[in-house]
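> Generate a structure from the sequence data that follows.
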Amino acid sequence: MKQNLLLSLVAFLLCGALIVQAQEPAKSVAGPTTTAAGAAVISITANSTPLDLARAAFTAQGGEKFRNVRNMMLRGSVDLYQPNSVQSIPGGFSIVTAGDKLRMDIDARPIVVFKQIYDGQQSYSSLPNVELPPITKFGLSLLIKFDQPGYKVTAIPDKKRQRGFRIADAEGNTTDFYIDATTGRVMSFLIYYAGYTFGTDMKKFKEIDGVLVPSSFSQRFEMPQGAFFADYNVKEVKLNQTLPEDAFAIPN
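This next block holds a predicted model:
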């Protein structure tokens with residue numbers, strides 16, 4: 001039982017990577033409206049279509065600058081909460097993404113010490129039986145591709161002051177987004193994977209080189225034994241760095 005809880009917790013941590021996925025540059029099909037000065041315009045009305053909402057969210061994230069991020073590095077602290085517990089497990093995290101490559105390190109000793117690497121073809125985990133979700137198919141990685149062939153944007157019910165829309169790819173991988181009705185910023189999203197639902201709520205943001213990056217966010221993962229929670233505090237963000245050749249090297 002303890003091992004199952006541990007593996008579930010690690011799987012939950014992996015979904016943190018879904019919000020920082022860097023994407024290889026791609027040509028957009030439909031871009032946001034801009035002013036004469038070049039600033040992006042975000043306009044959300046009661047008549048905005050799901051595609052309008054997706055475009056507003058994409059624009060708020062940084063538009064083409066967001067789409068063309070080559071790599072991203074995040075470091076910070078994380079507080080983990082197991083089901084039915086008010087006592088957190090403090091730790092640190094580091095995530096590096098580049099296209100469909102990922103490296104994630106979690107150090108929350110003595111409960112969790114974990115390394116996950118995906119080099120674009122092979123996956124490595126320092127714990128057995130922990131598989132990396134397809135990180136390019138969920139979360140903000142999906143928002144990057146909202147206007148690409150094979151992706152569908154549909155309506156979902158709004159909640160409170162947030163407008164909602166859903167993005168799905170040709171394989172049916174789905175993320176539900178909820179955005180601020182004024183700014184277009186993604187305030188939360190739900191990921192559906194392997195029969196489970198992962199929820200992410202954004203708390204604070206910072207803008208780095210024109211790209212909106214969450215600096216504080218929380219996650220919730222529902223399990224039969226209860227809900228896992230994790231609170232992330234990003235302390236360092238780097239975009240478009242020159243990465244070492246072995247950044248995503250899988251150990252022998």
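
> Give me the distance between the two termini of stretch 142-160.
The distance separating the two terminal residues of stretch 142-160, taken as CA to CA, to the nearest Å, comes to 24 Å.

> what's the answer for stretch 44-54, then?
Stretch 44-54 has an end-to-end distance of 10 Å (criterion: CA to CA).

> any idea where the strands of the stretch 101-250 of the chain begin and end?
Here the stretch 101-250 of the chain has its strands, by DSSP state E, counting those that start in this stretch, at 101-108, 112-118, 123-125, 152-155, 162-168, 174-180, 186-193, 196-208, 211-223, 226-239.

> Just give the number of residues close to residue 110.
Residues near residue 110, counting by other CB atoms under 10 Å, number 6. Just so you know, the C-beta spots here come from the backbone N, C-alpha and C atoms, and that holds for glycine as well.

> Please read the previous query as pertaining to residue 147.
Around residue 147 sit 18 other residues, with neighbours defined as other CB under 10 Å.

> try the one 4 residues further on
Burial of residue 151, expressed as a neighbour count using other CB under 10 Å, amounts to 18.

> Find me the pLDDT at it, would you?
pLDDT for residue 151: 96.

> From residue 174, how far out is it?
Residue 151 sits at a distance of 11 Å from residue 174 (criterion: CB to CB, to the nearest Å).

> Check the contact lists of the two and give me the overlap.
With contacts defined as CB atoms under 8 Å, 6 or more residues apart in numbering, the residues adjacent to both residue 151 and residue 174 are 167, 168.

> Now for this structure, the helix or strand with the poorest mean pLDDT.
When the helices and strands of the chain are compared on mean pLDDT, DSSP states H and E, helix 2-14 comes out lowest with a mean of 55.

> could you check the angle strand 196-208 makes with the helix or strand that comes right after it?
Reading on from helix 2-14 to the C-terminus, the next helix or strand found by DSSP states H and E is helix 50-61. Orientation of helix 50-61 against strand 196-208 (axes from the mean of the first three to the mean of the last three CA atoms, to 10 degrees) gives an angle of 50 degrees.
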